[in-house]
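Asks: this one's structure only:
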Ligand code: FAD
């Protein structure tokens, strides 16, 4: 017999296996000898009160053996001679579109402007150390897309959009730890992601797919409102009938291209703000009610904050405990910050985007002349402002949190994880009022919710501008662009995803749509 039950342990109860068996025996009123195994299905931390608990959902096997370790299998077949589906972009959406094509018996031909994960590292070094931004190889572009050098947080709210478990099992199949199937807030870490992405590449090639790096798509040939070919930067053309466009939200050239070709696009609401960085021990002490070091059984603490300020949401986004702030610009002349962390989340800083909802219909009238691209132009202007106020390099403008809220220039700044460095700047007056004033009220409210959060020991760093796409590429019920037959807008760039897992699920759905009737 198998019984699924909820158990909890405290930090003092160390040997988890034994403790869970003892607790299961007591809870079910069954002698320990009759319990052959206790398998953990889900684990979360409850730190709401001063005693911290681990909550477990477990399967208890009574007088029957537990199943052997599950093998995660996918029905990949040789597609080397099959019909071709072209996929532009090898981020999570493109990768999972390609894998799904193989399962469905179609041959994915992937075109990716960036480099493979290994060669991409050099360009990340160049942006961090020498302030040089390569427009095709950076924290957003290259093998694995924006998800590779990230935190690898896998939490998603898009549960209705697809099978989250299937994506997680596929990540395990490609080398992620099984822990991601159990943790309530799973993450992989930037040190583990490149190998995983490489394993996905190897699966695609092994079964007959093709991946072309440093291959940038610059145009489409469209005849009678149907895709006929993809035009590459070297001028060559590739015949293509079904194209999954998974170029991410930073591929502005793709939005300009579609707009110039009069292909319908829509402006979409999005969010922008700053990244705030605290010493990790401050967040630990608030969340775990401790002084000094957190208990070694506990992971670096995270937080999630939200506040309504003057009819707009102000909220934390992509919080990275024990992580680093990174320069995520995709072109020279702009400063964009984002966050990532290693699997152990053992860096000394906790950073998070704190952003303000921007309603494109109500908030940015000055940009109306840009039509569907008004949000994008607004985003660009803010990134340029960050560049000039940061000193025209990848050095980012920053302020102590308390100075930002009180409207004072900071005489000096706190230590930071941001490698290109920070420059003191009056972000409180530089940011548009729409964002700046709401952020200031938001931070004050967050300080009330988390005592100790509002501190001079934290920096705010500008700007966090790439939270989601400011443009939507429309699609019909078949996930095809309503005006262009054979074009399937996909993932975050289309406006259909907001993170690694939702982009991966959308990639699978687009692959299914692209092969339908082909
Ligand atoms: P992308 O990942 O943006 O991939 C698009 C790909 O298309 C890129 O590789 C790009 O090079 C390629 N491309 C663009 N234009 C062209 C062209 N013209 N020709 C050929 N190729 C092209 N999300 C989470 O869920 N958890 C996290 O912890 C997390 N951390 C992040 C940390 C950082 C630093 C960043 C930048 C993002 C993070 N995100 C995180 C967001 C997440 O990475 C994205 O939501 C996700 O990668 C979107 O997937 P995508 O495939 O739609 O697009």
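Replies: That came through, no problem. Source: prediction; values computed, not measured.
Asks: per-residue confidence at residue 357?
Replies: For residue 357, the pLDDT comes out at 97.
Asks: check contacts around it.
Replies: 269, 271, 312-315 (CB atoms under 8 Å, 6 or more residues apart in numbering). Where C-beta positions appear, they are placed from N, C-alpha and C, glycine not excepted.
Asks: in the stretch 301-450 of the chain, which residue sits nearest the ligand?
Replies: residue 338 (3.6 Å; CB to the nearest ligand atom).
Asks: could I get the phi/psi values of that residue?
Replies: Recorded main-chain torsions at residue 338 are phi -150, psi -170, according to degrees, to the nearest 10.
Asks: about what we covered before: which pair in the contacts of residue 357 spans the largest distance?
Replies: By the measure CB to CB, 269 and 314 form the most distant pair in the contacts of residue 357, at 14.3 Å.
Asks: ok so, going back, just the buried residues from the contacts of residue 357, in PyMOL please.
Replies: The buried subset of the contacts of residue 357, as determined by 16 or more other CB atoms under 10 Å, is captured in PyMOL by this line:
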select buried, resi 269+271+312+314+315
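Asks: thinking again about what came up before, for the residue of the stretch 301-450 of the chain closest to the ligand, what are its contacts?
Replies: Residue 338 touches 139, 150, 275, 318, 325-326, 328, 353, 464, 466, counting by CB under 8 Å, 6+ apart.
Asks: distance of it relative to residue 273?
Replies: Here residue 338 is placed at a distance of 12 Å from residue 273 (CB to CB, to the nearest Å).
Asks: hey, what's in contact with both of the two?
Replies: Listed as contacting both residue 338 and residue 273 by CB under 8 Å, 6+ apart are 353, 464.
Asks: the ligand contacts on the stretch 51-200 of the chain?
Replies: With CB under 6 Å from any ligand atom as the criterion, the stretch 51-200 of the chain meets the ligand at residues 88-94, 111-114, 139-142, 145-147, 150-153.
Asks: is the residue of the stretch 301-450 of the chain closest to the ligand in a bridge, and if so with what?
Replies: residue 326 (DSSP bridges).
Asks: likewise residue 58?
Replies: Here residue 58, judged by DSSP bridges, has bridge partners residue 5, residue 40.
Asks: pull the number of nearby residues for it.
Replies: Per other CB atoms under 10 Å, the neighbour tally for residue 58 reads 22.
Asks: need the contact list for it.
Replies: The contact partners of residue 58, by CB under 8 Å, 6+ apart, come to 4-7, 20, 24, 38-41.
Asks: and with 6 Å instead?
Replies: 7, 38, 40 (CB atoms under 6 Å, 6 or more residues apart in numbering).
Asks: repeat that for residue 104.
Replies: Residue 104 neighbours (CB under 6 Å, 6+ apart): residue 515.
Asks: repeat the analysis, applying 7 Å as the threshold.
Replies: 511-512, 515 (CB atoms under 7 Å, 6 or more residues apart in numbering).
Asks: which parts of the protein are helices?
Replies: All helices of the chain, identified by DSSP state H, fall at 16-28, 92-103, 117-125, 164-173, 193-206, 252-260, 280-287, 374-389, 401-406, 427-430, 433-449, 491-494, 500-515.
Asks: mind listing what's buried in the longest one?
Replies: When neighbours are counted by 16+ other CB under 10 Å, the buried residues of helix 433-449 are found to be 434-436, 438-440, 442-443, 445-447.
Asks: can I see the domain layout of this protein?
Replies: Listed domain ranges for the chain are 2-62, 84-265+473-515, 267-464 (source: automatic domain parsing).
Asks: make TSV from those and add distance to residue 76 to it.
Replies: Formatted as TSV, those follow (distance: least, CB to CB, whole Å):
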stretch	distance to residue 76
domain 2-62	27
domain 84-265+473-515	5
domain 267-464	27
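Asks: among the contacts of residue 357, which lie within strands?
Replies: In strands, judged by DSSP state E, the following of those are found: 271, 312-315.
Asks: circling back to that earlier point, tell me the predicted confidence for the residue of the stretch 301-450 of the chain closest to the ligand.
Replies: So residue 338 comes in at 97 (pLDDT).
Asks: residues contacting residue 208?
Replies: Contacts of residue 208 by CB under 7 Å, 6+ apart are 78-80, 107.
Asks: mind running it again at 10 Å?
Replies: By CB atoms under 10 Å, 6 or more residues apart in numbering, the contact set of residue 208 is 76-82, 102, 106-108.
Asks: can you check residue 206 too?
Replies: 76, 78, 102.
Asks: of those residues, which is the most crowded?
Replies: Neighbour counts for those peak at residue 102, which has 25 neighbours (criterion: other CB under 10 Å).
Asks: that one contacts residue 87, correct?
Replies: No - assessed by CB atoms under 10 Å, residue 102 is found out of contact with residue 87, at 11.4 Å.
Asks: shared neighbours, the two?
Replies: Contacts common to residue 102 and residue 87, judged by CB under 10 Å, 6+ apart, are 108, 204, 209, 511.
Asks: okay, now the unreliable bits of this protein?
Replies: For the chain, the stretches with pLDDT under 70 are 14, 158-159.
Asks: closest to the centroid, which residue in it?
Replies: By CA atoms, centre = their mean, the chain has its centre lying nearest to residue 499, at 3.9 Å.
Asks: was I right about that residue contacting residue 157?
Replies: Yes - Residue 499 sits in contact with residue 157 when judged by CB under 10 Å, with a separation of 8.9 Å.
Asks: hang on, the earlier thing: now the helices of the chain in TSV, with distance to residue 368?
Replies: What follows is the helices of the chain, written out as TSV (distance: least, CB to CB, whole Å):
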stretch	distance to residue 368
helix 16-28	58
helix 92-103	30
helix 117-125	36
helix 164-173	39
helix 193-206	40
helix 252-260	15
helix 280-287	41
helix 374-389	6
helix 401-406	30
helix 427-430	23
helix 433-449	15
helix 491-494	23
helix 500-515	30
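Asks: related to what we said a few turns ago, okay if I get the contacts of residue 104 as CSV plus distance to the ligand?
Replies: Compiled in CSV, those are given as follows (distance: CB to the nearest ligand atom, whole Å):
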residue, distance to the ligand
511, 13
512, 16
515, 19
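Asks: from these, list just the buried residues.
Replies: By 16+ other CB under 10 Å, those give 511, 515 as buried.
Asks: what is the nearest of the contacts of residue 104 to residue 494?
Replies: residue 511 (13.9 Å).
Asks: name the nearest residue to the closest one, ignoring sequence neighbours.
Replies: Residue nearest to residue 511 in three dimensions, not counting chain neighbours: residue 100, with 3.7 Å by CB to CB, 6 or more residues apart in numbering.
Asks: does the one you found touch residue 209 like I think?
Replies: No - between residue 100 and residue 209 there is no contact under CB under 10 Å: 11.1 Å.
Asks: what touches both of the two?
Replies: Taking CB under 10 Å, 6+ apart as the contact rule, residue 100 and residue 209 both touch 85, 106, 108.
Asks: OK, contacts around the closest residue to residue 385 other than its chain neighbours?
Replies: Of all residues not flanking residue 385 in the chain, residue 430 sits nearest, at 6.1 Å (CB to CB, 6+ apart). Residue 430 makes contact with 382, 385-386, 388-389, 397, 399, 436, 462-463, according to CB under 10 Å, 6+ apart.
Asks: if you set the cut-off to 8 Å instead, what comes out?
Replies: 385, 389, 397, 436, 462.
Asks: same question, residue 207
Replies: 76-80, 102.
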